[in-house]
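> any chance you could fold what I've pasted below:
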Amino acid sequence: MKKDTRPQKIIKIISLTAVIGLLLFFSYLLYRLIADKEAFEAWLTQYGEMSRLIYIAIVALQVILALIPGEVLEIAGGYIFGILEGTFLNLLGATIGSMLVFLLVRKFGKPLVSAFFSEEKISKLRFLQDSKKRDLLLMLIFMLPGTPKDLLCYFAGLTNIKTSLWLLICSLGRLPSVITSTIGGSAIENESYLVAVIAFAAAAAVSLLGILIYHRISEKKK
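Next comes the predicted model:
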């Protein structure tokens, strides 16, 4: 493989620095935006039909930034758009964000991943790199609520997994956690607080189970 020349390396470093800087800046703006849920809803709904496209873009940005919990936006999606539409918009935005992350990492490599995640977190996923059952394990881990999906999106770009297969994993794999969050958000909007409590309790229980399974698999594969 032909090595990059010095000017090419400088251009790559400048490009990577610019990308990271922009992502951190948008992360700050996004955090300020969703800190107040009622203000977020009022701001979003003022755009009418365009609010859906804006919401999709915000969900995609959240995945790329990997600094803000996605559950906050998932609940907001159920609260504002209802269960069915909220689930669809969330999945679409998250899939777009996951694919953009995947392609960005393919372009810039590990330095981009290291800008958002510590070496310790990255090393916990290295068992997936060499596993003969990597794709199956990646799908299983991604489908479990509570697992670090944003980290998995960045890590997937470091592997040689096929783009088409990753598209399948990052879209369908989010469905279980998105559904429970949007159900809870919709229940809050309809003042069905018992349903909301049950939905969030179920999500928390399943997430805890997912975290335990994830750590069990990662420790076992070490």
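> list phi and psi for Gly157.
With angles defined as degrees, to the nearest 10, Gly157 sits at phi -70, psi -20.
> which secondary structure element contains the closest residue to it other than its chain neighbours?
Spatial nearest neighbour of Gly157, chain neighbours left out: Val105 (2.6 Å); criterion: C-beta to C-beta, 6 or more residues apart in numbering. Glycine gets a C-beta too; all of them are placed from N, C-alpha and C. Using DSSP states H and E, Val105 maps to helix 83-108.
> what comes up buried for that helix?
Using 16 or more other C-beta atoms under 10 Å as the test for burial, helix 83-108 gives 83, 85-99, 101-102, 104-105, 108.
> count the neighbours of Lys124 for me.
Lys124: 20 surrounding residues under other C-beta atoms under 10 Å.
> circling back: wait, the residue nearest to Gly157 sits on Leu112?
Yes: in this structure, Val105 is within contact of Leu112 by C-beta atoms under 8 Å, at 5.6 Å.
> overlap in contacts of the two?
Tyr154 (C-beta atoms under 8 Å, 6 or more residues apart in numbering).
> related to what we said a few turns ago, how near is the residue nearest to Gly157 to Lys149?
For Val105, the distance to Lys149 (C-beta to C-beta, to the nearest Å) stands at 14 Å.
> how about Gly78?
Taking C-beta to C-beta, one finds Gly78 at 18 Å from Lys149.
> show me which of those two is the more surrounded one.
Under the criterion of other C-beta under 10 Å, the comparison of Gly78 against Lys149 puts Gly78 first, with 30 against 21.
> quick check: closest non-adjacent residue to that one.
Gly185 (2.7 Å).
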